[in-house]
Every structure is written in structure tokens, then in C-alpha cells.
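K.L.:
have a look; sequence and predicted model below, questions after that.
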Amino acid sequence: MITAIEETGKTVEEAILKALFSLGIKRENAVIEVLNVPAQGIFSFVGNKKAKVSVRPLCEPAEYMAKYFKKVLELVNICGNVSVLEEDDKLNISIEGKKSAILIGRRGKTLNEIQYLANATLRRQYKGINKLVIVDVEGYRIRRERTLRQLALSIARKASQTGREQELEPMTPQERRVIHLALQDQEGIVTYSKGEEPYRKVVISPQ
């Protein structure tokens, strides 16, 4: 639910900036109403000395992301549908449409880059927001998760047979989590992540 807040300041601009900071949003994503302009000159002795404004977000994060991805599709000339499912800590974006598969890229590289930019954009517009944007195109994430689980089991067998640690290719946090969960109950196998983003990878190690 979009809520407005009221702020005061010595000037209208100061009041606006205080309200934007409190809401954690950018000016371009705000609806601003000036409630009071401070009296100036000889009237400052009898008028209100403070400016007062009411500010609210132009749209909620979910709506903002829906518009954002519709614009992305327009820019790359793709006719498709964008749906947003909001959870407590996530905004799940699903894109479907003709030619939308070009947004995936090799092993999801393009899709992961798009997702990274979407999260960065959301945090610029809504400071302090703790929701993670997860982007999927044509159900790719589900297929990728299935592939990763199979990969995890295969590499775990190799680690057990050779007695040596096996390093996987760099993955996103979501993909690494799939690997960890797939092997968390695997006897004789432990997993951990190493490296810095975006090159952080999972290591599968025999105990």
C-alpha cells in the first residue's frame, strides 16, 4: 500500500529532500504536494515560517519492476508478457513471449546480468529495500535448477571416487544455493563457497 508522509523544512526543497530520504525513494519516483510555503519578507513575522510537503511513492516496487521490464522488452523489440509475484523478501519476475529466449544467453549469463541490473536499479529507486529481484524467462530457472541438481550429484560422485575437491564454475547466489541444498544430506560430502562475486564458486569436497 502506498502511503504518504509529511515533512517540514526551512524551505520547500529542504522539506522535499527530507521526505524523499525518509521514504528511501528518488524524486522521479515521487508524487510531491506542497502544503505550505514559508512566509517571506515582512510577512515572515505573522505567517508560517516553515515549508510543509506531502510526498508518496509514484508506485510500489512490484509495479515499478513491471514497468521496468516492459520497457526492457520494448528496447530489444520483443513482444512479451511480464508478470510479478511479490513475496516477503522477493519480487519474482516472469517473462514470456516470442523471441524472449534471447534474454537468457549461454547458461543464463545474459539473464543473470539482467537480474543484477534490475536489483541495482530497484535499490537506487527504493533505498533500504530488502527484496531480491528474481528474473525468469520461459521457465528457464526451473530447467536450470534441475540441471544443477544433476550436476551436483555427478560431481559429488567424482569427488568421492577421486578423494579430491571439485570446483564448479562461478555461479549466482541462487544457483550456488541449489548446489548446497542438493548435497546437504549427501554422506561423505561437504560443500562450501569461495571467491568474490561475481566469480564466487562452489567447492564439493569429500570428507
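P.N.:
Done, it's in.
K.L.:
and the strands in this structure, which stretches?
P.N.:
5-9, 30-36, 51-57, 80-86, 90-97, 132-137, 166-167, 189-194, 201-206 (DSSP state E).
K.L.:
same for the fourth one, what does it pack against?
P.N.:
If I follow you right, that is strand 80-86. For strand 80-86, the elements it packs on are helix 61-75, strand 90-97, judged by 3 or more Cβ pairs under 8 Å, 6 or more residues apart in numbering; DSSP states H and E. The C-beta positions use only the backbone N, C-alpha and C, and glycine is treated the same way.
K.L.:
out of these, which is the most enclosed?
P.N.:
For those, the largest average neighbour count (mean count of other Cβ atoms under 10 Å) is found in strand 90-97, namely a mean of 18.
K.L.:
list the helices and strands the lengthiest helix in the chain packs on?
P.N.:
Assignment by DSSP state H gives helix 140-162 as the longest helix of the chain. Here helix 140-162 touches strand 166-167, helix 173-183, strand 189-194, strand 201-206, going by 3+ Cβ pairs under 8 Å, 6+ apart.
K.L.:
for the third one, buried residues please.
P.N.:
When neighbours are counted by 16 or more other Cβ atoms under 10 Å, the buried residues of strand 189-194 are found to be Ile189, Val190, Thr191.
K.L.:
closest to Ala120 out of the helices and strands packed on strand 80-86?
P.N.:
When these are compared by Cβ to Cβ, helix 61-75 sits nearest Ala120, at 11.4 Å.
K.L.:
next one: the closest one to chain centre, how far?
P.N.:
Taking Cα atoms, centre = their mean, to the nearest Å, one finds helix 61-75 lying 13 Å from the centre of the chain it belongs to.
K.L.:
for it, packing partners?
P.N.:
Using 3+ Cβ pairs under 8 Å, 6+ apart, the elements in contact with helix 61-75 are strand 80-86, strand 90-97, helix 109-125.
K.L.:
which among those is found nearest to Glu196?
P.N.:
helix 109-125 (14.5 Å).
K.L.:
what is that closest one packed up against?
P.N.:
Counting contacts by 3+ Cβ pairs under 8 Å, 6+ apart, helix 109-125 packs against helix 61-75, strand 132-137.
K.L.:
give me the distance between that helix and the centre of its chain.
P.N.:
6 Å.
K.L.:
contacts for that helix next, please.
P.N.:
25-26, 29, 61, 64-65, 68-69, 72, 91, 93, 102-105, 129, 131-137, 140, 172, 198 (Cβ atoms under 8 Å, 6 or more residues apart in numbering).
K.L.:
give me the mean pLDDT for that helix.
P.N.:
Helix 109-125 carries an average pLDDT of 91.
K.L.:
how about it, which residues are buried there?
P.N.:
Residues of helix 109-125 classed as buried: Leu111, Asn112, Ile114, Gln115, Ala118, Asn119, Leu122, Gln125 (neighbour count, 16+ other Cβ under 10 Å).
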